[in-house]
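# For reference, the sequence and a predicted model appear below.
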Amino acid sequence: MEGTTTAADSRMVIPPAGSTTDLRENMRVLMAVVVKEWRVSWRYPMNAVMSLVTPVMWLAPVYFMGLTFSDSGEAAGFRASTGTGDFVAFMVLGGVVASYVRAVFWRMGFSLKEEMEQGTLESLWLTPNPRLWLLVGRSVVSVLLTGINTVAVMAIVYFLFGFEMAGNVAAALLILVPLIIALYGFGIAYAGVVLYVKDANTLTDVTSFLVEVVGGFNYPVTSLPRALMVVGLALPVTYGVDAIRALMLGTNPLVPVPVSVAVVLASTVVFWFLGRWVFHRVDDRVRAMGTLGTH
Amino acid sequence: MDAVVTAEDLRKRFPRKRVGQRRWFPWGRRGNGRPGDTGRSGNGGTGSDGGNGGTNASAATKAANASNGDDGDWIVAVDGVSFTVQRGEIFGLLGPNGAGKSTTIRMLSTLLEPSSGTATICGWDVRRDPMQARARLGVVLAGDRSLYWKLSGRENLEFFATLYHVPPGEVTWRVNRVLERMELADRADELVERYSTGMKQRLSLARALLADPPVLLLDEPTLGLDPQSARNLRELILELKREGRAILLTTHYMEEADYLCDRVAIIDHGTIIAMDSPAALKRRLPHERVFRLELKETNGALRIKDRVPGLTVVDERRDEATGTVHVALTLADPQRDLAALWTGLAQSGASVLNYSVQEPTLEDVFISMTGRALRD
């Protein structure tokens, strides 16, 4: 009887035998998740508006304070530490990576919990799809939304405050893309952890804040006290943002750019394996414990 | 007939979670209530007597608790449940809240991993081939939060149609077909948050039917619906049965189980205590008529049981608001015992407000087997 299809099955849709459906079907599912997430996101228009306004609100005081330390838009002390006097461009590039870090912690980390709180996680889990693909779909949406958001914020900051970037954009993107992939690999693991521990708001708040402090997004990591700098240098994201600035603004890199690229690429592989492993462990665990629908 | 759903000796136990206990790391050694698991391996397994052999006293406590679906560090939700569902059959799991009905459905739908036992959907093992099992299932879970409220009904169905691998060229057709069938076509483009509970429930059923599955699992499908919506949904379920689908539904409404189900398993404390057709179950009652009385006590000492030898009380409930007592009883020999009943009542000082003779219900069966009402 196992695996047989009888007359009554004739109209139904049956995926190919085996543990996973084919790649094309998975891509279709992924796109469906993307479209759904996209639609739901834009049904909260004020959130979209605030996501553009908030980064500018945070940047504005720092910009005006920076001006007081500058002479004709050139911050000499800043140049001595970093290799560039354009502190706005320095912070904007840091802000691009920081926005993905925040998205990974807040949007990805809580993506499954959001479904759980809405009551839709079990409906998703009931569909004949590899569960990791459903989460990857959410990652794609998060990358897209964060990307659009970041470009829009950069445009607003450019018109309000002005900055210059004359470096190699293509080379910087070649670092940014694997860095984002690495971050989202970590995000999948983190989503699993949040699904398991459920009340992870404080953990997320503190960790996200610490990564932003020690990652050198708003200032060079070398300005940190030694203990914090060691923590910052242990994070792959620090090397990613440092290499991007070196390529785009000509800042003094912490390590040669190829070394930073190697760190980012290695972290991409490690974080995706870690993400997959943690996610499957958590999925098994919550199905055994019966806590999938609880929050 | 083909058995398309089989459950064999299914068992599920959950670690007892006590306040202040939490395992933060999910990759530790796993305890899932499998034979041989010790209490230490689970979430609640750090309890005082978990898995270390314990003292004689704690072992005795565990043994006592086990008979109540509770073995110390673990709560037994489903214990040794076995049944099959055939094509074109509605099989009901009937029991009070917390009896293990939803846990059984969740194990069959792969949302929960059984601690032991096997279950198959169209021959596919839910543990070994969960995706193949899910591809043959349409599931409606209890509650109305299983849909995206910020999407319209149509957008929800289009999304889930893709997730159920409906071919791209068929999505619109299938979505329109199920919307019309559920009488939701005219509201299809409104956000689900504006739907009534009944409409959400119909939309959930529409989603379950998108892939035309041979098996439907319906968890309390009429819960929270108004009588008219519930009646319509029941008719729809019968229609789906006539199409040859195997339907497993859980309910704690005995009339619903009686009306819809070809066979019913009465489940209590995670164990099936009786399984048969509703008619056969009712025939298990010692007598074929149930006498229902609404009484007004005058002296607070109703002792009709002592006064009528052939009388069995099936159910007795006091309505504190009206000060009346509702009694359901059977008589071994109605012709002989009825006169004794009236005499007994008169001697008890009770006046009869209402009186009816009815066929027994599944609730009477449940009460006679467990001593409790379904709603207790």
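That came through, no problem. Numbering: from 1, shown residues only, chains lettered A, B, ... in the order given.
# Need the contact partners of stretch B:223-233.
With CB atoms under 8 Å, 6 or more residues apart in numbering or on different chains as the test, stretch B:223-233 has contacts from B:Ala142, B:Gly143, B:Asp144, B:Ser196, B:Thr197, B:Gly198, B:Gln201, B:Arg202, B:Leu205, B:Pro221, B:Thr222, B:Glu256. Using the backbone N, CA and C atoms, a C-beta is placed for each residue, glycine as well.
# So what's the gap between it and the chain middle?
Offset of stretch B:223-233 from its chain centre (CA atoms, centre = their mean, to the nearest Å): 17 Å.
# What strand or helix carries B:Ile247?
Under the criterion of DSSP states H and E, B:Ile247 resides in strand B:246-251.
# From the chain's centroid, how far away is the following helix or strand past that strand?
With elements assigned by DSSP H and E, the helix or strand that comes after strand B:246-251 is helix B:254-260. On the basis of CA atoms, centre = their mean, helix B:254-260 sits 12 Å off its chain's mean C-alpha point.
# how about the strand holding B:Ile247, does it reach chain A?
No: using CB under 8 Å from any CB of the partner chain, strand B:246-251 stays clear of chain A, coming no nearer than 9.0 Å.
# quick one: strands adjacent to that strand?
Partner strands for strand B:246-251, per DSSP bridges, with pairing direction: strand B:90-94 (parallel), strand B:215-219 (parallel).
# average pLDDT for that strand?
The average of the pLDDT scores along strand B:246-251 is 92.
# do the same with stretch A:87-97
Mean per-residue pLDDT for stretch A:87-97: 84.
# part of a helix, is B:Ala230?
Yes: B:Ala230 forms part of a helix when assessed by DSSP: H, G, I helix; E, B strand; the rest coil.
# Can you report how many residues neighbour it?
B:Ala230: 19 surrounding residues under other CB atoms under 10 Å in any protein chain shown.
# again with B:Asn354
Neighbours of B:Asn354 using other CB under 10 Å come to 10.
# so what's A:Ala191 scoring on pLDDT?
Looking at A:Ala191, its pLDDT reads 85.
# would it count as being in a helix?
Yes: according to three-state DSSP, A:Ala191 belongs to a helix.
# Could you pull up the residues touching it?
A:Met108, A:Gly109, A:Phe110, A:Ser111, A:Leu112, A:Leu135, A:Phe279.
# Out of the residues you listed, which sit inside helices?
Using DSSP state H, the subset of those located in helices is A:Ser111, A:Leu112, A:Leu135, A:Phe279.
# Please tell me how far the last one sits from chain B.
With the distance defined as CB to the nearest CB, to the nearest Å, A:Phe279 ends up 10 Å from chain B.
# Same check on the first one?
Remark: distance between A:Ser111 and chain B (CB to the nearest CB) = 14 Å.
# how about residue 111, what does it touch?
If you meant another chain, say so; for now it's chain A. Listed by CB under 8 Å, 6+ apart, the contact set of A:Ser111 reads A:Leu135, A:Arg138, A:Ser142, A:Ala191.
# You answered for a different chain; I wanted chain B.
A:Glu122, A:Trp125, A:Leu126, A:Arg287, A:Leu292, A:Gly293.
# mind checking which helix or strand the closest residue to the fifth one other than its chain neighbours is in?
Counting by CB to CB, 6 or more residues apart in numbering or on different chains, A:Val286 is the residue found nearest to A:Leu292 once chain neighbours are left out, at 4.8 Å. Counting by DSSP H and E, the secondary-structure element that holds A:Val286 is helix A:257-289.
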